[in-house]
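Participant: pasting the structure only:
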């Protein structure tokens, strides 16, 4: 399994932000698109993570699969810049472009990913 294949297989990813009180906040979202190191999802514009992205585009993305899953044990950890890609009443489509990432597999060794490989 490559990191690109893993990202392409994901239905959900966890997004971590810093909220308006300066504390960390993480939330899983349903992915609507993945392409070339970019993920997209829909969220309510008044959600904690959406307001945090409006204030600071830096986010952390995480996803993992357990050894019992179809893909086996695999984790992805990525720093990205997120923004609104499409604004609609009450909701927006958000896009996060990954600029630094790592993966782990059953060996539990953190390996940096060449972003061009995503």
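Facilitator: Perfect, I can see it now. Being a predicted model, the structure only gives us computed values, none of them experimental.

Participant: every contact and neighbour count from this point should use C-alpha atoms.
Facilitator: Will do.

Participant: so how far is the helix or strand hosting residue 17 from its chain's centroid?
Facilitator: Element membership of residue 17 [criterion: DSSP states H and E] is strand 12-18. Distance of strand 12-18 from its chain centroid, counting by CA atoms, centre = their mean, to the nearest Å, is 6 Å.

Participant: straight-line length of stretch 60-70, end to end?
Facilitator: 25 Å (CA to CA, to the nearest Å).

Participant: what average pLDDT does that stretch get?
Facilitator: Per-residue pLDDT values across stretch 60-70 average out to 88.

Participant: need phi/psi at residue 53.
Facilitator: phi -70, psi -40 (degrees, to the nearest 10).

Participant: one step back: pull the residues that contact the strand holding residue 17.
Facilitator: Residues outside strand 12-18 that contact it (CA atoms under 8 Å, 6 or more residues apart in numbering) are 24-31, 49, 52-53, 58-63.

Participant: now, the residues you listed that are in helices?
Facilitator: The helices, defined by DSSP state H, take in 49, 52-53 from the contacts of strand 12-18.

Participant: give me the low-pLDDT residue ranges for this protein?
Facilitator: Across the chain, nothing is flagged by pLDDT under 70.

Participant: mind listing the helices for it?
Facilitator: Under DSSP H, the chain gives helices at 3-9, 48-55.

Participant: looking at those helices, which is closest to residue 107?
Facilitator: helix 3-9 (14.7 Å; CA to CA).

Participant: what's in contact with that closest one?
Facilitator: Here helix 3-9 makes contact (CA under 8 Å, 6+ apart) with 34-35, 37, 71, 76, 103, 113, 117-118.
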